[in-house]
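A.B. asks: Requesting a structural model of the entry that follows:
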Amino acid sequence: MIQALQYVQADCPSYLRAQIVQLLRTEWPATYRNDKPDWPTESAELNPTSFVLIDNGMVLSHAAVPRKTIEHCGKNYLAFGLSSVVTRQALRRKGFGHRIIECATNYMKQENADLGVFTCDSHLAPFYTFSGWEVAYNVPLIGGTIEKPFPSDKIGKLTIIQFFSEKAMKYREEILSRPIYIELGEGKLW
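C.D. replies: Coordinates of the predicted model:
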């Protein structure tokens, strides 16, 4: 029986954590190398939550949801992201990825997010738009630090966004009018 589970990332049980790490290492071997820590968590200040689909103890799909208050165009927004989204390769195109994105998106709504924003490779944009997100063309997400910004458009990533709160919807055009800065640490993006 397939179950959708949710954990504060630091509290994820070790038997699930090991499977998630293996999926991440298989999908992104250069990013999740064996010489890195066994659990690639976001920083604690981002309060990341992991969403996991399991069947009889086997991880089918995973998504991490970090959060951070950002300033954009002189206004503060509670922004959530998506990262470490992965489904077992043999189980792709069966709806598990969309189901895990739906769980993560519903969580963002329940947590009173103003907006969700993250980056992805262009070939993945249809997957996210099918799940209710939209591509913010010409709006790079700028991660990194103030001293060393890390712009998504310079590495070929698209910005994916969803507006949740009335405030974000009211200022939608303003939000989409310039780059979105999320200071995450050197070389980091959602």
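A.B. asks: Hmm, Val8 and Thr49 touching each other?
C.D. replies: Yes: between Thr49 and Val8 there is a contact at 5.9 Å, judged by CB atoms under 8 Å. (C-beta placed from N, C-alpha, C; glycine too.)
A.B. asks: quick one, which of those two is more surrounded?
C.D. replies: Thr49 (23 against 11; other CB atoms under 10 Å).
A.B. asks: Which residues does that one form beta bridges with?
C.D. replies: Note on Thr49: beta-bridge partners by DSSP bridges are Val8, Val65.
A.B. asks: Which parts of this protein are helices?
C.D. replies: Per DSSP state H, the chain has helices spanning 14-27, 96-110, 125-130, 166-170, 172-175. These are given in chain order.
A.B. asks: how many other residues sit next to Ala168?
C.D. replies: 23.
A.B. asks: Please name the bridge partners of the residue nearest to Ser122 when sequence neighbours are not counted.
C.D. replies: Spatial nearest neighbour of Ser122, chain neighbours left out: Leu158 (5.4 Å); criterion: CB to CB, 6 or more residues apart in numbering. When bridges are called by DSSP bridges, Leu158 pairs up with Cys120.
A.B. asks: Am I right that Leu158 is in contact with Asp121?
C.D. replies: Yes: in this structure Leu158 lies within contact range of Asp121 using CB under 8 Å: 7.4 Å.
A.B. asks: The two - which one has more neighbours?
C.D. replies: Leu158 (22 against 10).
A.B. asks: Distance-wise, check that one relative to Thr129.
C.D. replies: Leu158 sits 10 Å away from Thr129, going by CB to CB, to the nearest Å.
A.B. asks: returning to what we had before: okay, the helices of the chain, which one's buried deepest?
C.D. replies: By mean neighbour count, with neighbours taken as mean count of other CB atoms under 10 Å, helix 96-110 ranks first of those at a mean of 18.
A.B. asks: avg pLDDT for that helix?
C.D. replies: Helix 96-110 shows a mean pLDDT of 97 in the predicted model.
A.B. asks: for Glu186, what are its contacts?
C.D. replies: Glu186 makes contact with 144-145, 148, 150 under the criterion CB atoms under 8 Å, 6 or more residues apart in numbering.
A.B. asks: Can you tell me which of these end up in strands?
C.D. replies: With strands defined by DSSP state E, the entries of those inside them are 144, 150.
A.B. asks: Narrow the contacts of Glu186 to those that are buried.
C.D. replies: 144, 150 (16 or more other CB atoms under 10 Å).
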